[in-house]
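Return atomic coordinates for the entry below.
(chains A and B)
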Amino acid sequence: MATKTSGGDDFTSNLGRIYGIYTGGFVAFVLFIALLEKLGVPNNILGYLFVFFTIAVYAFIGIISRTMQVSEYYVAGRKVPALYNGMATGADWMSGASFVGMAGSLFLLGYDGLAFVLGWTGGYVLVAVLVAPFLRKFGAYTVPDFLSARYGGNLARFIGVIVLLCCSFTYVVAQIYATGIIASRFLGMSFELAVFVGLAGILVCSMLGGMRAVTWTQVAQYIVLIIAYLVPVVLLSAKKYGLPIPQLTYGQALQEIAALEQGFIKNGLAPATMKLHAAPFTSYTTGNYFALILCLMVGTASLPHVLMRYFTTPSVREARVSVAWSLLFIFLLYFTAPAYAAFSKLEVYSTLIGKNIGDLPAWVYSWGKINLVTICGKAAASADAVKAACGAVSGHAGILRWQDFGINTDVVVLSTPEIAGLPYVIAGLVAAGGLAAALSTADGLLLAIANALSHDIYYKMIDRHAPTARRLIVSRVLLVVVAILAAWTASTKPADILSMVSWAFSLAAAGLFPALVLGVWSKRVNATGAIAGMIAGFSVCIVYLVVTRYFPGFGVKTLGMTSLTNAAGAPLIPDMAKALAAPGAMDGWVLASHPLASKVGWMNMNNISSAIFGLPVGFIVTYVVSLMTPAPSVEMQRFLDEVRKPRGQTLMEEKTA
Amino acid sequence: MSPSDEQHWGQTRTLMFIMMGLWAFFSFFIHMFVTSLNSIVIAGFPLGFYMAAQGSLIAFVVMLFWFARAQDKIDRDHGVAEDE
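This is a model prediction of the structure:
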């Protein structure tokens, strides 16, 4: 096993003290910035201080955690205590989009948005019960490692790597994109430059120390992101309701929202069909709501960058406890997000809707300038722009109606400090939190990709005799190459890739979940079955995604797809024959604006939930093909007996020297 | 597999099914009744909304800490737990 590294054990036995001092230091730093603000230091300098100070701390941790040992590089020496691994997983899991965009989605979708809150937390039950402890006992370095050992060889490993690359690469591009957006919005940096600053921030954390460095920076990043997420909304709740527990007080906000909604409808300020905040199934059909929850949960339990975090705990027992801690730390953010949404909605409903378009609050224009708030369909850049836009709407009385107002999902979290009348230091804190969330997730994903390429492809499939030093160099080179490729892709602002991120959950679920779960829980499932199942499940899923999004006309003509419906059951494409006859209807690789794109499918299922088809296909094919072929060998069954018992050595010993 | 190991796996599997049952209940079943639950309002929260926004989440967290202990007890009882 891992040899002790100098200072390593000192470090792990003093974790509480070290991170306690770190947290205190961070709070002191925030207070110091607040003081500078009082002294009149301009906001953009404060913003730079926030971003560079936090990135410098992550870089420092990354550099002191550098290592030349394989087990430290891939699994942090397997000595990360459950609690800290929980924090690291929390940061690994909560992306820039969760931090910045989740509350906004809840604002727009109301109850239906809670599918994301449920899906991204409940999945950890599957992780803890079905998968993670067994992978920890097995002792893999990567998820494809397990597939290879259980399903006899490199074909299963290779398919695992393909699935991993498909779901992780788009995801990491989105994270780097998010760092670019946050840095450019708060610092006024150009987006392209901000992307490469983000890239540098990611590389210093992961390149020298691999999993070990990423683990300890993720813990630090979790602390920053959770403080940054909670502080503004806690202050807002204290100010509005006299109780600093937003998760309790937003019940009152929900009541006020409901009363205002009824008033809007009565006074003709909103159509009778407006989405009520607490009303279920107004954005998704009931079927789609539950399908989405299932796909997000199963996807959570299959995403390699999450599963690999549980390879780092000292024991199987700690791996289980660690999943519980992870969920607790994730829960802290996800059960606060609906409070953000409710407060923000109440603010919009009580200070904007029904008011004269001449007297809108200043925050509307500051976000309208960068096109994130629209009024009457146009960016609300200034009072004149709003007047002009609403003047162009026929019969507009100059009173803002519900349907006139549009908001980008990012604004809800970003604007809360301003809406609450808090000083700039809080806005800077939120920016630092958003950056921490995006950087930490990018680190985890990048490591998952680079490890799959270096460990699974290079070491296990190309050069089984590569010396340790060369393996680690190859890992680092691949890490840098993948990171630059991702940053370059992000700098082109690829709309398609960003919308594909939500696909990652379905792809991982359909491609990996049946093989992982049955690999542990069934002794009858064999290599042929699992390989067939992975290919079948993943193919069904990706075909559904690609056809519904890029070849919708083809899907209707030959694959029996029909129009999806809205939540009320009315088809999105009322006259399919006419739509198909329209010019361009049968084109391939269509844009998102194509009239049929993502509006057709089987059984009225949105493509974001495509694992609803891939998952059962994967399970059935895996099982049926296994039954038709010989049972796994006696050795394999004995191997499984060992995987199922926590006691004993890990089953896969790697040469580490 | 020794009889003790078989018993260990049997109990592990039972615990798994209990957890999956609870998981399905809090992930799906309870939310099928959101409309009727919403007529109950506690501290301003319609109950159906509350369950999706907080209730089920709290249940998941509690379930996982309980599961970690319950599984560890099964492991210890059958002598397959790891040394501390």
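
show me what contacts the closest residue to chain A within chain B?
Residue of chain B nearest chain A, by CB to the nearest CB: B:G44 (2.8 Å). Just so you know, the C-beta spots here come from the backbone N, C-alpha and C atoms, and that holds for glycine as well. Applying CB atoms under 8 Å, 6 or more residues apart in numbering or on different chains to B:G44 gives the contacts A:Y250, A:G251, A:Q252, A:A253, A:L254, A:Q255.

One more pass at 6 Å, please.
Each residue near B:G44 by CB atoms under 6 Å, 6 or more residues apart in numbering or on different chains is listed here: A:G251, A:Q252, A:L254, A:Q255.

Out of those, give me the one that has the most neighbours.
Counting neighbours by other CB atoms under 10 Å in any protein chain shown, A:L254 comes out on top of those with 25 neighbours.

ok, back up a step: could the contacts of B:G44 be laid out in JSON lines, adding pLDDT, secondary structure and distance to chain B?
Listed next are the contacts of B:G44 as JSON lines, based on pLDDT from 0 to 100; DSSP: H, G, I helix; E, B strand; the rest coil; distance: CB to the nearest CB, whole Å:
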{"residue": "A:G251", "pLDDT": "95", "secondary structure": "helix", "distance to chain B": "3"}
{"residue": "A:Q252", "pLDDT": "95", "secondary structure": "helix", "distance to chain B": "5"}
{"residue": "A:L254", "pLDDT": "96", "secondary structure": "helix", "distance to chain B": "5"}
{"residue": "A:Q255", "pLDDT": "96", "secondary structure": "helix", "distance to chain B": "5"}
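
so how far is B:N38 from the residue of chain B closest to chain A?
12 Å (CB to CB, to the nearest Å).

For the residue of chain B closest to chain A, grab phi and psi.
Here is the backbone geometry of B:G44 (degrees, to the nearest 10): phi 90, psi -20.

Which strand or helix spans the residue of chain A most remote from its centre?
In chain A, counting by CA atoms, centre = their mean, A:G395 sits farthest out from the average C-alpha position, at 42.7 Å. Applying DSSP states H and E as the criterion places A:G395 outside every helix and strand.

so what's it scoring on pLDDT?
At A:G395, the model reports a pLDDT of 82.

Same check on the one 10 residues further on?
At A:F405 the predicted local confidence, pLDDT, stands at 93.

got it, and A:M207?
86.

Hmm, it is touching A:S475, no?
No - using CB atoms under 6 Å, A:M207 makes no contact with A:S475, being 9.1 Å away.

Identify the residue nearest A:G588 in space, chain neighbours excluded?
A:F551 (5.1 Å; CB to CB, 6 or more residues apart in numbering or on different chains).

measure the one you found to A:L372 for me?
A:F551 is 33 Å from A:L372, by CB to CB.

And for A:A279?
Applying CB to CB to A:A279 and A:L372 gives a distance of 26 Å.

Over to A:M87?
31 Å.

Please, where are all the strands along chain B?
For chain B, applying DSSP state E gives strands covering B:41-42, B:45-46.

what about A:T374, helix or strand, and which?
strand A:373-375.

For that strand, buried residues please.
For strand A:373-375, a neighbour-count test (16 or more other CB atoms under 10 Å in any protein chain shown) marks A:V373, A:T374, A:I375 as buried.

for chain A, what are the nearby residues on chain B?
Neighbours of chain A within chain B, by CB under 6 Å from any CB of the partner chain: B:1, B:9, B:16, B:19, B:23, B:27-28, B:34, B:43-46, B:49, B:52-54, B:57, B:60-61, B:64-65, B:68, B:72, B:75, B:80-82.

Any of these buried? List them.
B:9, B:19, B:23, B:27-28, B:34, B:44-46, B:49, B:52-54, B:57, B:60-61, B:64-65, B:68, B:72, B:75, B:80-82.

Which residues of the stretch 551-657 of chain A lie near chain B?
So far as CB under 6 Å from any CB goes, the stretch 551-657 of chain A lies against chain B at A:D641, A:R644, A:K645, A:P646, A:R647.

Counting neighbours, what do you get for the third one?
For A:K645, the count of nearby residues is 20 (other CB under 10 Å).

give the contact list for it.
A:K645 touches B:V80, counting by CB under 6 Å, 6+ apart.

sec struct for A:G358, please.
What DSSP: H, G, I helix; E, B strand; the rest coil gives for A:G358 is coil.

Distance check, the closest residue to it other than its chain neighbours against chain B.
Excluding its sequence neighbours, the residue lying closest to A:G358 (CB to CB, 6+ apart) is A:A383, at 6.5 Å. With distances taken as CB to the nearest CB, to the nearest Å, A:A383 is found 35 Å from chain B.

Run a quick neighbour tally on A:A59.
With other CB under 10 Å as criterion, A:A59 counts 19.
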